[in-house]
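A.B. asks: Provided below are the primary sequence and the corresponding predicted coordinates.
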Protein chains: 4
Amino acid sequence: MRLSETDRLEAFSDGVMAVIITIMAFSIPTPDGSSAAALRGLVPHLLVYVLSFAMVGIYWVNHHHLLRATGRISGSVMWSNLFLLFWLSLFPIVTAWVGRFPRHALPAFCYGLVGLGAGGAYSFLVRMIIRVNGTESVVGRSVGTDTKGNLSIVLYGAGMALAFVSPWIAYALYASVALMWFVPDRRLVVQAADTTEPDDS
Amino acid sequence: MRLSETDRLEAFSDGVMAVIITIMAFSIPTPDGSSAAALRGLVPHLLVYVLSFAMVGIYWVNHHHLLRATGRISGSVMWSNLFLLFWLSLFPIVTAWVGRFPRHALPAFCYGLVGLGAGGAYSFLVRMIIRVNGTESVVGRSVGTDTKGNLSIVLYGAGMALAFVSPWIAYALYASVALMWFVPDRRLVVQAADTTEPDDS
Amino acid sequence: MRLSETDRLEAFSDGVMAVIITIMAFSIPTPDGSSAAALRGLVPHLLVYVLSFAMVGIYWVNHHHLLRATGRISGSVMWSNLFLLFWLSLFPIVTAWVGRFPRHALPAFCYGLVGLGAGGAYSFLVRMIIRVNGTESVVGRSVGTDTKGNLSIVLYGAGMALAFVSPWIAYALYASVALMWFVPDRRLVVQAADTTEPDDS
Amino acid sequence: MRLSETDRLEAFSDGVMAVIITIMAFSIPTPDGSSAAALRGLVPHLLVYVLSFAMVGIYWVNHHHLLRATGRISGSVMWSNLFLLFWLSLFPIVTAWVGRFPRHALPAFCYGLVGLGAGGAYSFLVRMIIRVNGTESVVGRSVGTDTKGNLSIVLYGAGMALAFVSPWIAYALYASVALMWFVPDRRLVVQAADTTEPDDS
């Protein structure tokens, strides 16, 4: 038997996100000593790693629910998906940069830029899936006005601007986006469960 | 045809663990020379790598048996699983740190902390799976009192405390946790075999 | 049930390409400072990363369509596929090299060489698949004269030669190859859709 | 539907090998300059990378054929498989070491040691699979006297000893092992094809 196109797309995306999430841990440098001070130097690296891990984890969970509910894919869906993965692949770099310069505006600004790019790419992917599957499809009916997506963009934009006032405000706003997305879109989950076969083997 | 939710969760977790286990080998630095002395300098790196490889390997085998026996997953199972992967993703860093400072207390302490975190996250994942599938499910009936899980936490805790007496005691205790888990939970394997279709094609 | 040989080959290739595409982002160094100048220093790294990401992404999409349309594989197909992955695995190195020395001829030349090798290996893989499946198979009927493949080789060759005049001409020619392949072979997609079952679950 | 145990084991192994094969390319350092001399400095790194890529590629192909022909797996098969992956995961380190000190005996010796370990672990895995599936199973009937496996061990051993005479003799012997395994075990392939369903979708 052959896997479906959607399974294949999901498997590749899962692979990329698995590598991103794991490799990001390498932005945490091995401490140069074994003292408590050396460990304290890791704290900003650890904190931004937790945030980035949560971010990519959230994308994985939502992407998973999205593709579960998707029947049909097309070339444009594949390319939009690659575009999302491109933005996610920049997370390790901004994570390492913020970990090294947590009190500076520019790394905090760029972190938000990558988050904004990923958020925009995700919204674009959703729209491409709806274009192929129709507004009456499971995804089409569930997404609706995409309040969370729009609010994310506002919060990222505000964080980027306020990074030049204080990077800590920016981090707080980025973390609030993560918290907001923590719960996957309930309607999508429920409707997907209604339309696909039960998962139990 | 579409893969089940559980297959997908397992595939993503397998991907993350595959990357962790492989990338951890990079904590072993390329020797600076080609003499026997340069090779001897690798010995602590190699030993802790063997321990960490065994640790992640054990998680992979047990996680595999656990999800095999799992019929139904939910959002909370997905997040608990990500929480486990988060702790596992910290293994490469503590492995590199212990490899560099094997005679110091703090790296040995932090190694145990990561092990404790992963162990706690695994127990939490088991409990989430039981909450979704019921105490009468395969997992529910098999896990029971979770003696091994509780004993692991005691051994990790003891190792962390005794790391400040001697890191070697800590390593011995961590290695004994690995040995204890080497054999997967027999009841889970047997019962899973009873309830799933035969694997032969 | 067991997955088909083709699914397995595709999964392994997807894994390798997922790692390549993600790890390539590590060719972008963490900036040494947090000033705008430090960020400007990343620009060549970012630009060549975008090009390489597009390149590997294009290979992924086309490889995916190719294997979708492939019924039967053989040892020679597996080895040709590994040969393609070998060339793709060199992309991160030339990407890092060009990012560091964007104004020099030799890195630009080698980038084209890797692109040429990957392009040649892909054409070879297509021919091996046709040899196993017959010229009357889906792949056999679709590929035909392989105009795009031949044109790519000409463009890469021209880029490599002109890299010694100006690396910017080389980059322009390489980017034009990427643009040309952006759209997957329509006939392959359409015919594959005709011969495989619908993907909807 | 659920994937079979064997599919899952193969997927995890594929993931690990995909990461190993890709990450090994990182043992090739980015040249410090853009001159022809800087490129010439890469030649030993490139040559040993080609050898190691071929080695891991051969393991992937043979492992694939082996698990294709395997009906039933057990805990001991899973652990033997992890033991094989452990040895394969050391390839990137010896590859980087030989690339840096190609004219020295000790790195050449250790390269052979890793090859020997992987070869021994593979033979052990085959024996574990036969123990679970019986000597009358597809794998049991195909492997027989395992001439190639035994010859590999002799060649690796000879290479390791002769590395102290000249590393080039060692490399020649290791490369001859790779060439010998280039063709997968025909009997295994043919018999597996007889006993599994056709792969065409």
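C.D. replies: Ah, there it is.
A.B. asks: residues from chain A in reach of chain C?
C.D. replies: Taking C-beta under 8 Å from any C-beta of the partner chain as the measure of proximity, chain A contacts chain C at A:1-6, A:8, A:11-12, A:15-16, A:18-20, A:23, A:27, A:71-73, A:75, A:78-79, A:82, A:85-86, A:89-90, A:92-93, A:96-97, A:100-101, A:104-107, A:110, A:196-197. Every residue, glycine included, has its C-beta placed from N, CA and C.
A.B. asks: what pLDDT, on average, does the longest helix seen in chain A get?
C.D. replies: Here the longest helix in chain A is taken by residue count, with DSSP state H as the criterion, and it is helix A:105-133. When the per-residue pLDDT values of helix A:105-133 are averaged, the result is 91.
A.B. asks: who are the packing partners of that helix?
C.D. replies: Contacts of helix A:105-133 with other secondary structure elements, assessed using 3 or more C-beta pairs under 8 Å, 6 or more residues apart in numbering or on different chains; DSSP states H and E, are made with helix A:43-68, helix A:75-88, helix A:91-100, helix A:138-143, helix A:147-162, helix A:167-181, helix C:36-40.
A.B. asks: most packed of those helices?
C.D. replies: For the helices and strands packed on helix A:105-133, the stretch with the most neighbours on average is helix A:91-100, a mean of 25; neighbours defined as mean count of other C-beta atoms under 10 Å in any protein chain shown.
A.B. asks: need phi/psi at the residue in chain A sticking out farthest from the centre.
C.D. replies: When distances are taken from the C-alpha mean of chain A, A:S35 lies farthest, 34.8 Å away, according to C-alpha atoms, centre = their mean. Backbone torsions of A:S35, given as degrees, to the nearest 10, read phi -90, psi 170.
A.B. asks: from A:I28, how far off is it?
C.D. replies: Remark: distance between A:S35 and A:I28 (C-beta to C-beta, to the nearest Å) = 17 Å.
A.B. asks: what's the answer for A:A118, then?
C.D. replies: Taking C-beta to C-beta as the criterion, A:A118 is separated from A:I28 by 21 Å.
A.B. asks: same thing with A:M160?
C.D. replies: For A:M160, the distance to A:I28 equals 24 Å [C-beta to C-beta].
A.B. asks: over to A:L179?
C.D. replies: In this structure, A:L179 and A:I28 are separated by 23 Å, where distance is defined by C-beta to C-beta.
A.B. asks: now swap in A:F91 and tell me
C.D. replies: As it turns out, when the distance is counted by C-beta to C-beta, A:F91 lies 14 Å from A:I28.
A.B. asks: and if you look at A:F53?
C.D. replies: For A:F53, the distance to A:I28 equals 11 Å [C-beta to C-beta].
A.B. asks: how about A:A69?
C.D. replies: When A:A69 is compared with A:I28 (using C-beta to C-beta), they lie 35 Å apart.
A.B. asks: have a look at the two and say which one is more surrounded.
C.D. replies: Between A:A69 and A:I28, counting by other C-beta atoms under 10 Å in any protein chain shown, A:A69 is the more crowded of the two (27 against 22).
A.B. asks: what's the pLDDT at the more buried one?
C.D. replies: With respect to pLDDT, A:A69 scores 79.
A.B. asks: go on, the one 5 residues further on?
C.D. replies: Predicted confidence (pLDDT) at A:S74: the value is 82.
A.B. asks: my read: it touches A:N133, true?
C.D. replies: No - counting by C-beta atoms under 8 Å, A:S74 does not reach A:N133; the two are 9.4 Å apart.
A.B. asks: what about the two, which has more around it?
C.D. replies: Each of A:S74 and A:N133 has its neighbours counted (other C-beta under 10 Å); A:N133 has more, 20 against 15.
A.B. asks: go ahead and confirm that one touches A:T70.
C.D. replies: Yes - with contacts counted by C-beta under 8 Å, A:N133 reaches A:T70, the gap being 6.5 Å.
A.B. asks: overlap in contacts of the two?
C.D. replies: Shared contacts of A:N133 and A:T70, defined by C-beta atoms under 8 Å, 6 or more residues apart in numbering or on different chains, are found at A:V139.
A.B. asks: now A:G71, what's its secondary structure?
C.D. replies: Using DSSP: H, G, I helix; E, B strand; the rest coil, the structure places A:G71 in coil.
A.B. asks: what do you get for A:D32?
C.D. replies: Assigned with three-state DSSP, A:D32 falls in the coil class.
A.B. asks: chain neighbours aside, what residue packs nearest to it?
C.D. replies: Spatially, and ignoring its direct neighbours in sequence, A:D32 is nearest to A:A38 (6.0 Å; C-beta to C-beta, 6 or more residues apart in numbering or on different chains).
A.B. asks: one more: A:H63?
C.D. replies: Take A:H63 and drop its neighbours on the chain: the residue closest to it by C-beta to C-beta, 6+ apart is A:S13, 6.2 Å away.
A.B. asks: circling back: mean pLDDT lowest for which of the helices and strands packed on helix A:105-133?
C.D. replies: Ranked on mean pLDDT, the bottom entry among the helices and strands packed on helix A:105-133 is helix A:138-143, at a mean of 70.
A.B. asks: enumerate every residue touching the residue nearest the centre of chain A.
C.D. replies: Nearest to the geometric centre of chain A sits A:Y59, at 3.4 Å (C-alpha atoms, centre = their mean). Taking C-beta under 8 Å, 6+ apart as the criterion, A:Y59 is in contact with A:M17, A:L84, A:L88, A:A118, A:Y122.
A.B. asks: tally of neighbours for the closest residue to A:A25 other than its chain neighbours?
C.D. replies: Of all residues beyond its chain neighbours, the one nearest A:A25 is B:S89 (4.5 Å), with distances taken as C-beta to C-beta, 6+ apart. Here the count is done by other C-beta under 10 Å, and B:S89 has 25 residues near it.
A.B. asks: thought B:S89 was touching A:I21?
C.D. replies: Yes - using C-beta under 8 Å, B:S89 is in contact with A:I21, at 6.9 Å.
A.B. asks: which residues do these two both contact?
C.D. replies: Common neighbours of B:S89 and A:I21, counting by C-beta under 8 Å, 6+ apart, are A:F53, B:V16.
A.B. asks: and A:D14, what pLDDT?
C.D. replies: A:D14 is assigned a predicted lDDT (pLDDT) of 89.
A.B. asks: which parts of the helix or strand hosting it are buried?
C.D. replies: Using DSSP states H and E, A:D14 sits in helix A:5-23. Of the residues in helix A:5-23, those scored as buried under the neighbour-count criterion (16 or more other C-beta atoms under 10 Å in any protein chain shown) are A:5-23.
A.B. asks: picking up where we left off before, any idea how far chain D is from the residue nearest to A:H63?
C.D. replies: 14 Å (C-beta to the nearest C-beta, to the nearest Å).
A.B. asks: do A:L42 as well
C.D. replies: Where chain D is concerned, A:L42 sits at a distance of 24 Å (C-beta to the nearest C-beta).
A.B. asks: how about A:F101?
C.D. replies: In this structure, A:F101 and chain D are separated by 24 Å, where distance is defined by C-beta to the nearest C-beta.
A.B. asks: wait, that residue sits on A:Y111?
C.D. replies: No - counting by C-beta under 8 Å, A:Y111 is not a contact partner of A:F101; they are 10.8 Å apart.
A.B. asks: between these two, who's got more neighbours?
C.D. replies: More crowded of A:F101 and A:Y111, by other C-beta under 10 Å: A:Y111, with 29 against 21.
A.B. asks: could you dump the helix holding A:D14 to PDB, C-alpha only?
C.D. replies: This file holds the C-alpha atoms of helix A:5-23, laid out as PDB (Å, rounded to 0.1, in the frame of the first residue of the first chain):
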ATOM      1  CA  GLU A   5       0.200  12.700  -0.300                       C
ATOM      2  CA  THR A   6      -0.900  14.400   2.900                       C
ATOM      3  CA  ASP A   7       0.800  11.800   5.000                       C
ATOM      4  CA  ARG A   8       4.000  12.400   3.000                       C
ATOM      5  CA  LEU A   9       3.800  16.100   3.400                       C
ATOM      6  CA  GLU A  10       3.200  15.800   7.100                       C
ATOM      7  CA  ALA A  11       6.100  13.300   7.500                       C
ATOM      8  CA  PHE A  12       8.500  15.700   5.700                       C
ATOM      9  CA  SER A  13       7.400  18.600   7.800                       C
ATOM     10  CA  ASP A  14       7.600  16.600  11.000                       C
ATOM     11  CA  GLY A  15      11.200  15.600  10.000                       C
ATOM     12  CA  VAL A  16      12.100  19.300   9.500                       C
ATOM     13  CA  MET A  17      10.500  20.400  12.700                       C
ATOM     14  CA  ALA A  18      12.100  17.500  14.600                       C
ATOM     15  CA  VAL A  19      15.500  18.600  13.500                       C
ATOM     16  CA  ILE A  20      14.800  22.300  14.200                       C
ATOM     17  CA  ILE A  21      13.600  21.600  17.700                       C
ATOM     18  CA  THR A  22      16.500  19.400  18.500                       C
ATOM     19  CA  ILE A  23      19.200  21.400  16.900                       C
END
